[in-house]
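Novice: My questions are about this predicted structure, shown below with the sequence.
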Amino acid sequence: PGITVNQAFSPTSAPSSGSYAASSSFVAISNISASASVMTADFAVSLTAGNEDDLDEEQALPDLWLEQNFPNPFNPVTMISYTLGKPGEATIAVYNICGERVTDLVAGYHNAGSYTASWNGVNAEGESVASGVYFYELITDDGTQVRKMVFLK
């Protein structure tokens, strides 16, 4: 990373990946190839920043994490990934630009872990929605997170 010849980027490397909001990013990149027009590397995302025995409360898995949908803009389908740090009820709701609830993609109990939901631009009645900006919200007992997506026909 950077201008050095490091072939790893992790919480223990220099520079390190442990700088997001002053805590670990849980990302490690290793086996970075030499600088070239095409480069390769191994990319890993972990639930802990190293040895689990050494974790303190601030390094634990976040209570919830909502990723940006992919692809975005999308047509006909987009994927939404999310992570729950502990078990409980979770809902992913989709809203139009006016704040009206279009549909629920997920609703129910989840164990702690990572999940993926998909949306095909259809409302709760099974009708295709108009092209435009939509918002999706992850709702749990621990809070909510919202992201924006664009549906193009």
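Specialist: Arrived safely. From a predicted model like this one, the values you see are computed outputs, not experimental measurements.
Novice: Can you give me the pLDDT of the residue lying closest to residue 145 once chain neighbours are set aside?
Specialist: With sequence-adjacent residues excluded and distances taken as Cβ to Cβ, 6 or more residues apart in numbering, residue 145 is closest to residue 66, at 4.0 Å. Any C-beta I mention is one placed from the backbone N, CA and C, and that applies to glycine too. Residue 66 carries a pLDDT score of 93 in this model.
Novice: Against residue 144, how distant is residue 66?
Specialist: 9 Å (Cβ to Cβ, to the nearest Å).
Novice: Mind listing the shared neighbours of the two?
Specialist: Shared contacts of residue 66 and residue 144 (Cβ atoms under 8 Å, 6 or more residues apart in numbering): residue 138.
Novice: Of those two, which one has the most company?
Specialist: Comparing residue 66 with residue 144 by other Cβ atoms under 10 Å, the one with more neighbours is residue 66, at 18 against 12.
Novice: For that one, give its distance to residue 87.
Specialist: 17 Å.
Novice: Same check on residue 67?
Specialist: Taken as Cβ to Cβ, the span from residue 67 to residue 87 is 20 Å.
Novice: Between the two, which is the more surrounded one?
Specialist: Neighbours were counted for residue 67 and for residue 87 using other Cβ under 10 Å; residue 67 has more, 15 against 11.
Novice: That one touches residue 80, doesn't it?
Specialist: Yes - in this structure, residue 67 is within contact of residue 80 by Cβ atoms under 8 Å, at 6.9 Å.
Novice: so what sits against both of those two?
Specialist: residue 147.
Novice: My understanding was that the residue nearest to residue 145 contacts residue 148; is that so?
Specialist: No - in this structure, residue 66 is not within contact of residue 148 by Cβ under 8 Å, at 11.4 Å.
Novice: Give the closest residue to residue 68 in space, chain neighbours not counted.
Specialist: Per Cβ to Cβ, 6+ apart, closest to residue 68 is residue 147, 5.6 Å.
Novice: give me phi/psi at that neighbour?
Specialist: Backbone dihedrals for residue 147, given as degrees, to the nearest 10, come out at phi -130, psi 160.
Novice: who's residue 81 bridged to?
Specialist: residue 116 (DSSP bridges).
Novice: wait, residue 135
Specialist: Under the criterion used (DSSP bridges), residue 135 bridges to residue 95, residue 148.
Novice: can you give me the strands for the protein?
Specialist: Using DSSP state E, the strands found in the chain span residues 8-9, 27-30, 42-45, 64-66, 78-84, 88-96, 101-110, 113-119, 132-140, 143-151.
Novice: Many thanks, have a good one.
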